[in-house]
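In: Would you be able to build a 3D model of this:
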Amino acid sequence: PEPAPAVRVKNEEAYTDEGVLGIKISRKRTRRPKPEPAETPTAQGGKARKGKGRSRKDRAYELRRLERPRSAIVETAMLFTALIKQRVRTLAFCRVRKLVELVLRYSLQDLAATAPRLAQRVRGYRGGYSKKDRREIERRLFGGDLLGVTASSALELGVDIGSLDATLHLGFPGSISGLRQQMGRAGRSGRPSMAVVVLFQSPLDQFYRRNPLLLIDRDAESAVLDPDNALNLARHLRCAAGELALNAERSFGRATDRELFGAAGYATAVEALLEAGELQYHRRPGDAMAADAVRTIFALHPSVEQPARDVSLRMIDDISFKVQDETDNLKVIDTVEYSRAFFELYTGAIYLHQARQYLVTHLDLKTHVAKVRPVRVPYHTMARNYTDVITTNRIESLVAGGAGSNAGLVHLGAVIVKRTVYSWQKRYMNSDKCFESHECRLPPLEYRSRAWWADIPLDLKQELVEHGHDFQECIHAAAHAIVSITPLELLCDPSDIETLHGYISVTNSTRPSPRRILIFDKQAGGNGTASAIFRHTKEVLRRARALMEACACENGCPSCIHHHMCYEFNEGMDKVGGVRLLRGLSERLEGAVEHAWKDTPEGQIIASDDGEAASGAAGGGLREPTEVSALWNRLRDDPRNRNAGHIETNSMRLQRSWVPSIPNFHESNGT
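Out: A predicted model of the protein is given here:
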């Protein structure tokens with residue numbers, strides 16, 4: 001057989017929601033492998049046409065001949081197949097869907113060459129599979145027919161899968177509690193079990209490589225969530241009202257639902273549900289012990305049945321795209337969240353399902369359907385996107401010079417996130433070399449969220465420049481360090497947050513780039529991580545600086561500031577300047593006090609101290625939550641409600657999580 005190429009892993013964490021599907025590698029190789037056919041369509045259930053060059057067995061063995069250091073993904077696949085061959089029932093947990101498909105694909109390649117009979121006893125399990133497929137996999141796993149499953153966190157909770165012997169974990173899952181929950185899937189029958197954690201080169205994973213006992217001894221992290229997320233709160237209130245009408249006033253000393261759910265977002269969510277026609281307003285006589293009392297309640301509208309069924313346990317978005325196989329009578333093989341579809345289902349993309357490759361032939365934005373057909377190609381595809389973040393409102397600030405000095409350094413506020421997929425690339429699987437690029441004409445995804453940002457004082461910028469540092473490169477390095485260290489302080493996944501990249505903003509934006517480090521919640525409405533960073537600002541800055549100082553590399557590596565989600569491919573970073581920047585920012589925060597902004601105008605453009613605009617357009621800001629009392633007074637004073645038992649509402653729907661930038665994009669009727 002032809003000698004295998006010498007492989008060097010460049011970035012093992014590139015296989016994430018918006019990452020690539022192959023191993024990012026290859027500075028040199030002993031001999032260039034012969035290319036496979038560009039595209040070989042296969043009929044459903046039929047055999048693929050064999051390409052020239054190495055035999056199928058040789059290509060399968062290529063994974064085992066890779067020179068070290070091997071990718072953590074390949075390493076996990078080899079451990080997985082080794083256990084399967086010993087008849088050890090194993091679950092291989094992967095952090096994201098693409099990793100599930102990649103580990104499964106590599107495992108099946110190895111088993112097809114070394115133990116073909118066992119290949120039928122290995123499957124993948126993740127969110128997006130049809131209910132029928134999930135139940136079939138669960139039945140086979142529980143019955144002992146399946147020896148191994150590569151799975152996402154979908155198998156972490158809520159599924160009784162019987163007795164297992166071992167668990168594999170590709171990368172630290174983001175929290176100690178999550179890791180222990182996954183480990184607990186094996187050994188439930190009382191027999192000894194084994195858990196193996198295969199770590200990436202990321203700062204978080206390398207921290208636990210240096211401190212492995214913390215995986216066992218460390219206490220579970222504090223939970224981070226945002227109870228005032230308007231999108232999630234509205235869903236909670238719909239379900240609560242389905243069981244018992246929401247009470248707006250105290251009765252028999254019981255707390256109101258406003259107090260239970262939190263005053264900040266309760267009124268806004270109730271108002272939205274009223275306008276959507278999903279709640280109705282009533283004024284009823286009070287309890288017998290207070291005959292003159294009048295109770296205000298919000299009851300579920302009779303037209304809304306079983307609201308809990310509308311809440312998905314596997315998807316956050318309320319809209320999803322169906323993936324249909326056009327060679328099998330448009331059978332739905334998968335579902336993809338709206339927020340992920342633009343990065344995975346653009347026309348021409350290679351989509352993985354149960355380790356099989358599918359070519360996306362059409363993406364219908366109105367019906368939310370993607371049509372695919374099975375193919376066999378030697379490349380993967382990667383979307384390239386640009387993210388812009390517009391700060392609209394400051395909620396709280398750490399102020400260095402007093403509350404009235406407008407000298408805030410660190411802020412928590414509302415932002416508008418705009419993500420645009422502008423192109424996609426074809427890259428060879430074995431080398432990750434780009435050989436073809438295409439433009440993409442998808443509309444931007446726009447949503448509102450929360451962000452933490454630090455405005456860099458002008459004197460600190462001048463100090464960095466005087467020492468020969470590139471200011472944007474310093475910001476880039478410091479932002480990566482903060483993103484990397486946050487999961488160590490908070491219970492969050494590294495993919496829950498993202499930073500605004502300086503060079504990308506300067507290149508693609510039509511507005512000035514502010515002197516700012518900005519970290520935002522990737523979930524629409526916010527997930528609470530930015531708020532938690534604000535509460536622990538000084539400690540996060542200290543830990544981020546310590547992370548860079550403790551690493552022996554000269555100017556950044558995967559163990560300190562390289563990040564797998566970087567749109568600049570980890571180029572343009574000044575590690576030494578980033579340390580100096582964080583140290584200077586920490587010094588200026590000594591003695592800073594918190595200040596809540598009560599009168600921030602709606603849609604205000606938040607600028608840096610010297611007037612550099614931080615937003616490209618005025619307006620569109622997040623308004624402050626309406627006071628519940630004001631809402632109730634308006635409802636009571638409305639002449640239409642004086643003699644009516646409930647409010648007459650029109651049939652408007654709640655705004656979707658993702659807001660399109662072209663008309664009639666979500667709904668054909670323009671609602």
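
In: counting contacts, what elements does the helix or strand hosting residue 235 pack onto?
Out: Secondary structure from DSSP states H and E places residue 235 in helix 230-243. Packing partners of helix 230-243 (3 or more Cβ pairs under 8 Å, 6 or more residues apart in numbering; DSSP states H and E): helix 257-261, helix 263-275, strand 279-285, strand 294-300. To be clear about C-beta, it is placed using only N, CA and C from the backbone, and glycine gets the same treatment.

In: Next, format those as a markdown table and append distance to residue 356, mean pLDDT and mean neighbour count.
Out: Output for the helices and strands packed on helix 230-243, formatted as a markdown table (distance: least, Cβ to Cβ, whole Å; pLDDT from 0 to 100; neighbours: other Cβ atoms under 10 Å):
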| stretch | distance to residue 356 | mean pLDDT | mean neighbour count |
| --- | --- | --- | --- |
| helix 257-261 | 45 | 79 | 16 |
| helix 263-275 | 42 | 78 | 20 |
| strand 279-285 | 45 | 70 | 18 |
| strand 294-300 | 44 | 71 | 18 |
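
In: Which of the ones you listed sits closest to residue 559?
Out: helix 263-275 (39.4 Å; Cβ to Cβ).

In: quick one: the closest one to helix 230-243, angle?
Out: 70 degrees (axes from the mean of the first three to the mean of the last three Cα atoms, to 10 degrees).

In: list the helices and strands helix 263-275 packs on?
Out: Using 3+ Cβ pairs under 8 Å, 6+ apart: helix 263-275 touches helix 230-243, helix 257-261, strand 279-285, strand 294-300, helix 628-637.

In: Just the C-alphas of it, formatted as CSV.
Out: Only the C-alpha atoms of helix 263-275 are listed here, as CSV (Å, rounded to 0.1, in the frame of the first residue of the first chain):
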residue,chain,number,x,y,z
ALA,A,263,-40.7,41.5,37.2
ALA,A,264,-38.1,42.4,34.5
GLY,A,265,-39.6,40.5,31.6
TYR,A,266,-43.0,39.3,32.9
ALA,A,267,-45.0,42.3,31.7
THR,A,268,-43.4,42.3,28.2
ALA,A,269,-44.1,38.6,27.8
VAL,A,270,-47.7,38.8,29.0
GLU,A,271,-48.3,41.8,26.7
ALA,A,272,-46.9,39.9,23.8
LEU,A,273,-49.1,36.8,24.5
LEU,A,274,-52.2,39.0,24.8
GLU,A,275,-51.5,40.6,21.5
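
In: Run through the residues that contact residue 497.
Out: Counting by Cβ atoms under 8 Å, 6 or more residues apart in numbering, residue 497 touches 483, 486, 519-522, 529-530, 533.

In: Just to be sure, which of the residues you listed are found in helices?
Out: Judged by DSSP state H, the contacts of residue 497 include 483, 486, 529-530, 533 as members of helices.

In: Just the buried ones from the residues you listed?
Out: 483, 486, 529-530, 533 (16 or more other Cβ atoms under 10 Å).

In: Let me have those residues in CSV, extended by distance to residue 421 and pLDDT.
Out: Shown next, in CSV, are those (distance: Cβ to Cβ, whole Å; pLDDT from 0 to 100):
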residue, distance to residue 421, pLDDT
483, 21, 91
486, 26, 87
529, 24, 89
530, 24, 91
533, 27, 92
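
In: For those residues, which two are the farthest from each other?
Out: 483 and 530 (11.6 Å).

In: Could you list the low-pLDDT ranges of the stretch 501-650 of the chain?
Out: Along the stretch 501-650 of the chain, segments meeting pLDDT under 70 span 502-513, 567, 569, 597-650.

In: Residue ranges in the stretch 1-150 of the chain under the pLDDT threshold?
Out: In the stretch 1-150 of the chain (pLDDT under 70), the answer is 1-69.

In: Could you identify the helix or strand that succeeds the strand or helix carrying residue 549?
Out: Per DSSP H and E: residue 549 is located in helix 537-550. Using DSSP H and E, the next helix or strand after helix 537-550 towards the C-terminus is helix 575-588.

In: buried ones in that following helix?
Out: 575-582, 584-585, 588.

In: what's it packed up against?
Out: With contacts taken as 3+ Cβ pairs under 8 Å, 6+ apart, helix 575-588 sits against helix 458-466, helix 471-489, helix 537-550.

In: again, only this time at 6 Å
Out: helix 471-489, helix 537-550 (3 or more Cβ pairs under 6 Å, 6 or more residues apart in numbering; DSSP states H and E).

In: Name whatever forms a beta bridge with residue 399.
Out: residue 408, residue 593 (DSSP bridges).

In: What about it, how many residues nearby?
Out: 20 (other Cβ atoms under 10 Å).

In: what about it, distance to residue 93?
Out: Using Cβ to Cβ, to the nearest Å, residue 399 is found at 44 Å from residue 93.

In: And residue 72, by the same measure?
Out: For residue 72, the distance to residue 93 - Cβ to Cβ - is 13 Å.

In: More neighbours: which of the two?
Out: A direct count of neighbours by other Cβ under 10 Å for residue 72 and residue 93 places residue 93 higher, at 30 against 22.

In: What's the first helix or strand after the helix or strand containing that one?
Out: Element membership for residue 93 (DSSP H and E) is strand 90-94. Where DSSP H and E defines the elements, the next helix or strand beyond strand 90-94 is helix 97-114.

In: okay, the angle between that next one and strand 90-94?
Out: 140 degrees.

In: name the helices or strands packed onto the next helix or strand after helix 97-114?
Out: The element immediately downstream of helix 97-114 (helix or strand, assigned by DSSP H and E) is strand 122-125. In terms of contacts (3+ Cβ pairs under 6 Å, 6+ apart), strand 122-125 is packed against strand 148-151.

In: tell me what the strand it packs on is packed against?
Out: If contacts are counted by 3+ Cβ pairs under 6 Å, 6+ apart, strand 148-151 sits against strand 90-94, helix 97-114, strand 122-125.

In: if I read this right, residue 528 contacts residue 226, doesn't it?
Out: Yes: look at residue 528 against residue 226 with Cβ atoms under 6 Å: they come within range, at 3.5 Å.

In: residue contacts, residue 421?
Out: Shown in contact with residue 421 (Cβ atoms under 6 Å, 6 or more residues apart in numbering): 342, 383, 385, 440, 442.

In: okay if I get the residues you listed as JSON lines plus neighbour count and pLDDT?
Out: Formatted as JSON lines, these follow (neighbours: other Cβ atoms under 10 Å; pLDDT from 0 to 100):
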{"residue": "342", "neighbour count": "24", "pLDDT": "90"}
{"residue": "383", "neighbour count": "20", "pLDDT": "90"}
{"residue": "385", "neighbour count": "19", "pLDDT": "84"}
{"residue": "440", "neighbour count": "17", "pLDDT": "87"}
{"residue": "442", "neighbour count": "19", "pLDDT": "87"}
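
In: Return the subset of those lying in helices.
Out: Here DSSP H is the test, and the contacts of residue 421 give residue 342 as lying in helices.

In: mind putting the contacts of residue 421 in a markdown table, distance to residue 501 included?
Out: Below are those laid out as a markdown table (distance: Cβ to Cβ, whole Å):
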| residue | distance to residue 501 |
| --- | --- |
| 342 | 19 |
| 383 | 16 |
| 385 | 11 |
| 440 | 19 |
| 442 | 20 |
